[in-house]
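Peer 1: What follows is a protein structure lacking sequence information:
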């Protein structure tokens, strides 16, 4: 991500320190992850210590300090989905992709994360891939759904 | 869009809007909430709009994507006004027929009507459906009627009347007194009296004050706030402005969790439209009151639902709670008096201003007034959002409205209050819902999440699940929570894996006591509740796991084995093919056997075995039956069932 774009985002919030979280969320959303140089740039422009930025980046689940794959898989682990068997869906995804939550595979094809409730509980268990919600998943249906992603 | 400068202009504009809408003209409302969208509602809306246009009906037929009415199990939902004809599980392919039959000829499409699973009767109108009948949907009722992305719809149903009344006819003190008298208690979980919280801030000497909407709905399984934020954002906004007026705050914040992107979008849009109409900004409706609103997104931290952590996060920092020696309504956001309330609490404020404190106080029980929205999820026939008066029994909610447990399974427990709550067993189901009533049973009402569990749910696993969740979400600031929960998690995981030991339960109880007494914030203090309540009502399950290495619910993977019943197996080969680790040996007409060494207990074989054979069973704590001999495994034509 080029520094010009980073600066644009920061300027939109008038360089306010309290907007730090919102700025980082926008960068995360556009770039899919937070490269170290970008965080250093934010630190410099907002006059905020890098350690504080790293504290935030490691505290909140929304941020990733590693690159993401082409397809982002989110498995809902909320209570309603859990009770309907989300753990098995997660296992199936781990088996098929070879990665654990928080990781990206070596081909940069899939990234896997768990989410604590997407609010679509009637469709549980829920797997979201690239923003598309796949509902009423079972281990078998999960396998079938993942095969469609190249 | 012209600015509405006075209450009279607002009223006049509203009347104009209403006069332009013929109530006899059909209006097709399609739920555009996140759940229905995930089931394909966007395609349905698109199909309706295109077909209506193609048929030249656009002048008299209105089509809109609306807010979530809460009947999520049956989505996508379509309601056609003015007759209120309700269709469920609608697909884009159904649209042509609906337009031909219902719009043009006023005939319902029978196959799309909701069929009551108990009586078998079809319901034509929305109000005929048993799910809705016992509800009192004061807050939620408008979701299906309005396009949440269009302020005019909200105005047409009377929106912002309360704001005009508060700013025009009432003093700030009048508004405060009204909210106090109504006995409105916070809907976020703690149930603190809203009026008292507001009063504290109002009386504070500091000229800078804030009002905040806690839209960080973090309890897994709870999505009441999502439906309101997406479906009727103006109802919350109106409440917030009124609150600001009452305490003397000129800035309001929405803190919305980023896992709800549609809610964030709709709130932004609502604020923008309200600003264009002059309902936010300077000198609102000629009252001299200025008010601005900002939106911040959360970044995926459950603890940020706690009020002091939320405020810290709003300040651009890590969401760590602060000790409450001085409450945040006196020293909150940037150390100024701040009133933070839940989405549902704010949404009730316009209703209270419009209908009066006495009206609100006439609903509910002595200590819990008004209605409450619950998200009824899990092992339940009718998953969705349910709004009922406080005091309704859990039995009525789960069985009368929820339709009971599907697939003929037995009810086991209902989990309320999210990770801070507990499990309520069958013998306590006659308890009424309310702030104080469920605490004596070892749980709490919380923000409204109600997760129903059946005989297949392992209660030890439920405790482990919640502790795992909280261990991860703990901010790490204080030792009892950070270290205590981590150890509880380790012990509970061991128990579910058959590694439980004598003394584990006592140790868990000790750790629980420490967390409850010494944690900094409510996350840690209430974290042991799911464990303590499941121990209280399901102690025998814990003992079975520890002493017999047996999971009575046949759920915990390490304690369960899968086996194929040779009497039922028809050697169809489906499970053998689908087994991900090739652990099933068999062939056409050769009864299948599971190799227990290779089996990973994934459950695929049970899932794929055709229901008419039903040959796969789960065992726990008992020896696996010997497989049949090689000759006995061959199915001969004589004994093969047709």
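Peer 2: Structure received. These figures come from a predicted structure and were not determined experimentally.

Peer 1: give me every residue that touches residue B:208.
Peer 2: By Cβ atoms under 8 Å, 6 or more residues apart in numbering or on different chains, the contact set of residue B:208 is B:334, B:336. Heads up, the C-betas are built off the backbone N, CA and C, glycines and all.

Peer 1: Please settle this for me: is it part of a strand?
Peer 2: No. Residue B:208: not assigned to a strand; according to DSSP: H, G, I helix; E, B strand; the rest coil it is coil.

Peer 1: Can you read off the pLDDT for it?
Peer 2: Each residue has a pLDDT score; the one for residue B:208 is 97.

Peer 1: With residue B:436 instead?
Peer 2: What the model reports as pLDDT for residue B:436 is 91.

Peer 1: From chain A, how far out is the nearest residue to it once chain neighbours are set aside?
Peer 2: In this structure, residue B:436 finds its nearest non-sequential neighbour in residue B:367, 5.4 Å apart by Cβ to Cβ, 6 or more residues apart in numbering or on different chains. Computed as Cβ to the nearest Cβ, to the nearest Å, the residue B:367 to chain A distance reads 27 Å.

Peer 1: so what pLDDT did residue B:1 get?
Peer 2: Reported pLDDT for residue B:1: 65.

Peer 1: What of the one 5 residues further on?
Peer 2: Confidence per residue is given as pLDDT, and for residue B:6 that number is 94.

Peer 1: And for it, the neighbour number?
Peer 2: Applying other Cβ atoms under 10 Å in any protein chain shown, we find 14 residues neighbouring residue B:6.

Peer 1: wait, isn't the residue nearest to residue B:436 in contact with residue B:434?
Peer 2: Yes. The pair residue B:367 / residue B:434 is scored as a contact, 6.5 Å apart, by Cβ atoms under 8 Å.

Peer 1: Which residue of those two possesses the greater neighbour count?
Peer 2: Neighbour count, other Cβ under 10 Å: between residue B:367 and residue B:434, residue B:434 has more, with 22 against 14.

Peer 1: quick one, domains of chain A?
Peer 2: Per the record, chain A has its domains at A:3-59, A:71-147, by automatic domain parsing.

Peer 1: ok, now chain B?
Peer 2: Split by automatic domain parsing, chain B gives B:19-133, B:159-361, B:371-457, B:460-548, B:560-639.

Peer 1: Output these in CSV; the columns should cover distance to residue A:72.
Peer 2: Listed next are these as CSV, based on distance: least, Cβ to Cβ, whole Å:
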stretch, distance to residue A:72
domain B:19-133, 16
domain B:159-361, 13
domain B:371-457, 25
domain B:460-548, 19
domain B:560-639, 24
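
Peer 1: right, and these - which one's nearest residue A:90?
Peer 2: Closest of those to residue A:90 is domain B:560-639, at 11.5 Å (criterion: Cβ to Cβ).

Peer 1: Give me the spatial nearest neighbour of residue 39, chain neighbours excluded.
Peer 2: Using chain A. Residue A:39's closest residue in space is residue A:53 (Cβ to Cβ, 6+ apart), at 5.1 Å.

Peer 1: wrong chain, I was asking about chain B
Peer 2: That would be residue B:75: by Cβ to Cβ, 6+ apart, it lies 4.9 Å from residue B:39.

Peer 1: dump the residue contacts of that neighbour.
Peer 2: Counted by Cβ under 8 Å, 6+ apart, residue B:75 has contacts A:122, B:31, B:33, B:35, B:36, B:39, B:41, B:88, B:89.

Peer 1: Check which helix or strand the residue most central in space within chain A maps to.
Peer 2: With distances taken as Cα atoms, centre = their mean, residue A:62 lies nearest the centre of chain A, 5.5 Å away. With secondary structure defined by DSSP states H and E, residue A:62 is part of neither a helix nor a strand.

Peer 1: Show me what counts as buried in stretch A:12-31.
Peer 2: A:13, A:18-28, A:31 (16 or more other Cβ atoms under 10 Å in any protein chain shown).

Peer 1: ranking the domains of chain A by burial, who's on top?
Peer 2: Highest mean neighbour count among the domains of chain A (mean count of other Cβ atoms under 10 Å in any protein chain shown): domain A:71-147, with a mean of 21.

Peer 1: start to end distance for it?
Peer 2: Domain A:71-147 has its terminal residues 12 Å apart, counting by Cα to Cα, to the nearest Å.

Peer 1: Quick one: mean pLDDT for it?
Peer 2: 89.

Peer 1: From the contact counts, what lies against the helix or strand hosting residue B:43?
Peer 2: Following DSSP H and E, one finds residue B:43 within helix B:41-54. With contacts taken as 3 or more Cβ pairs under 8 Å, 6 or more residues apart in numbering or on different chains; DSSP states H and E, helix B:41-54 sits against strand B:27-31, strand B:62-66, helix B:95-98.

Peer 1: closest to residue B:464 out of those?
Peer 2: Short answer: strand B:27-31, nearest of the helices and strands packed on helix B:41-54 by Cβ to Cβ, at 35.3 Å.

Peer 1: and the stretch 401-550 of chain B, which of its residues are near chain A?
Peer 2: Residues of the stretch 401-550 of chain B lying near chain A by Cβ under 8 Å from any Cβ of the partner chain: B:415, B:418, B:449, B:451, B:453, B:457, B:462, B:465, B:466, B:469, B:473, B:475.

Peer 1: could the residues you listed go into a markdown table alongside distance to residue B:598?
Peer 2: As requested, those are exported to a markdown table (distance: Cβ to Cβ, whole Å):
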| residue | distance to residue B:598 |
| --- | --- |
| B:415 | 35 |
| B:418 | 39 |
| B:449 | 39 |
| B:451 | 35 |
| B:453 | 31 |
| B:457 | 28 |
| B:462 | 30 |
| B:465 | 28 |
| B:466 | 33 |
| B:469 | 32 |
| B:473 | 37 |
| B:475 | 43 |
